[in-house]
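Enquirer: Output the structure for:
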Amino acid sequence: MHKTMQNLTIHPLTHPLTGTRRVPGDKSISHRALILGALAEGTSDVVGWLPAADCYATLHVMRALGVPIEHDPATPTRVRVHGVGLHGLREPENVLDCDGSGTTMRLLCGLLAGQSFFSVLTGRDALRRRPMRRVADPLRRMGAAIDGRDGGNLAPLAIRGAPLRAITYEMPIASAQVKSALMLAGLYAEGETVITQPGPARDHTERMLHAMGAPLTLEANTVRVQAPQAPLRPLTAPDGGAFVVPADISSAAFLIVAALLVPNSTLRLVDVGINPTRTGILDILQRMGATWALDNVREDAIEPTADLIVHHQPLHGTTIAGDLVVRAIDEFPIIAVAATQAEGETIVRDAAELRVKETDRIGNVARELRKMGADIEPLDDGFVVRGPTPLRGATVESHGDHRLAMALTVAALIADGPTTLQGADVMADSFPRFVETLLGEVEETQA
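Expert: So this is what the prediction gives:
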């Protein structure tokens, strides 16, 4: 492979992928470790943190809110968050730049709504085009003062903190970001905030707040939260040591599919998070005929982890819809690549959320894979892929989407000629040194 600042030329792989890989820390948990750790009274030591662009956005924003966070570039996966308590945040001197991170912006909406000061959230162009009404509207029902472009739907978002009241809210679609924002606001609201979602969504916020001692209860798809009467505890491991962020299963998905598609490959991916709200990718691949082994399963921490062993196997088409979509919402670019090599038709429905991610993932995945010869048809709420289809080398574009860029890189490994990926540097948003890790050029070390 030949890499420039923006472009990456990928040649077909002529050897199997073998050995052990450690993918970066879970992005969702890394964001929350900074935000929730800031609300504790005491210090949260975090290892396995993801040193990627999106998480740095959260780090910089929390520092701007007065939270002391230690981070040494020499040990980039370690952070120390000195919590300021629920009421210790301070008014920022400037606008808060969320860069390209939707998680940062949406969770901060909930956190800032109940503060006693004024703040403004903004970010890069793509983030300012992403809809925020889904989180702003229920926060307004709680008494939050949030304004923005397009009737308060688009950033920049101006938030004037106000006393909040608890609400009972039924989410129209399952969204961990919206749920987490409302839970954060609920920590500052008078009364009990009750949030019901129509299906499963990531539960990292619930797990972490529960471990910190927040008054929180779970009943099926309903979470109830109240303002704490005692200080929140710092994040720690069950034995009192540092809080460990597991490897991100959404990042592992790209290596899993690469091992499935590249002949004679076998990979061991270590310390991968296997939270059931995140393992939709494994269930989907199992429906497509894939098998794998779990080793070193550890379920005694806040987040369960395991080593995942996967090898090259034939795949067949399947239909993906309903709750399964929510549990794999970030993995559909690489699922589309797997489907190009599966026997028969793969149909994805109920995934309209992909239209408003970092980019229009449905349209852009279809557009770029078609350049490589894939038989893929976009739908309003998903896509149809007919396979198997030999892929050819082409010039493709990331559209500023880190997951699309990584998916196209994996597709290029099995193409019949070199592929040039334009905008390849965006992969660092969630997976620094993705190419090196994929090819086994990064030494596997402990987090």
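Enquirer: only C-alpha atoms for contact and neighbour calcs from this point on.
Expert: OK.
Enquirer: can you list the weak-confidence ranges in this structure?
Expert: Low-confidence segments of the chain, defined by pLDDT under 70: 1-5, 356-358, 442-447.
Enquirer: domain parsing for it?
Expert: What the record gives for the chain is the domain set 2-25+246-438, 27-243, from automatic domain parsing.
Enquirer: just how off-centre is the last one within its chain?
Expert: In terms of C-alpha atoms, centre = their mean, to the nearest Å, the centre of domain 27-243 is found 14 Å from the chain centre.
Enquirer: end-to-end on it?
Expert: 14 Å (C-alpha to C-alpha, to the nearest Å).
Enquirer: what does stretch 234-246 give?
Expert: Start and end residues of stretch 234-246 are separated by 18 Å (C-alpha to C-alpha).
Enquirer: Stretch 222-235 too?
Expert: First-to-last residue span, stretch 222-235, C-alpha to C-alpha: 24 Å.
Enquirer: Which parts of it count as buried, going by neighbours?
Expert: Of all the residues in stretch 222-235, those buried under the rule 16 or more other C-alpha atoms under 10 Å are T222, V223, R224, V225, Q226, A227, P228, L232, R233, P234, L235.
Enquirer: The fifth one touches E192, doesn't it?
Expert: Yep, that's Q226 we're talking about. Yes - Q226 is within contact range of E192, at 4.9 Å (criterion: C-alpha atoms under 8 Å).
Enquirer: overlap in contacts of the two?
Expert: Overlap of the contact sets of Q226 and E192 (by C-alpha atoms under 8 Å, 6 or more residues apart in numbering) consists of G186.
Enquirer: The buried residues of stretch 222-235: which two are farthest apart?
Expert: T222 and P234 (24.9 Å; C-alpha to C-alpha).
Enquirer: Now do the helices in the stretch 251-400 of the chain.
Expert: 280-287, 323-326, 332-340, 361-371 (DSSP state H, counting those that start in this stretch).
Enquirer: mind giving me a markdown table with the ones you listed and columns for mean neighbour count and distance to R124?
Expert: Below are the helices of the stretch 251-400 of the chain laid out as a markdown table (neighbours: other C-alpha atoms under 10 Å; distance: least, C-alpha to C-alpha, whole Å):
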| stretch | mean neighbour count | distance to R124 |
| --- | --- | --- |
| helix 280-287 | 20 | 29 |
| helix 323-326 | 21 | 26 |
| helix 332-340 | 26 | 22 |
| helix 361-371 | 21 | 18 |
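Enquirer: right, so of those helices, which gets closest to N153?
Expert: Per C-alpha to C-alpha, nearest to N153 of the helices of the stretch 251-400 of the chain: helix 361-371, 20.3 Å.
Enquirer: Output the contacting helices and strands for that closest one.
Expert: Where contact means 3 or more C-alpha pairs under 8 Å, 6 or more residues apart in numbering; DSSP states H and E, helix 361-371 is packed against helix 332-340, strand 375-379, strand 382-387, strand 395-397, helix 402-413.
Enquirer: Next, the angle helix 361-371 makes with the longest one.
Expert: Right, the one you point to is helix 402-413. 20 degrees (axes from the mean of the first three to the mean of the last three C-alpha atoms, to 10 degrees).
Enquirer: Against which helices or strands is helix 402-413 packed?
Expert: Using 3+ C-alpha pairs under 8 Å, 6+ apart: helix 402-413 touches strand 7-10, helix 249-261, helix 332-340, helix 361-371, strand 419-422.
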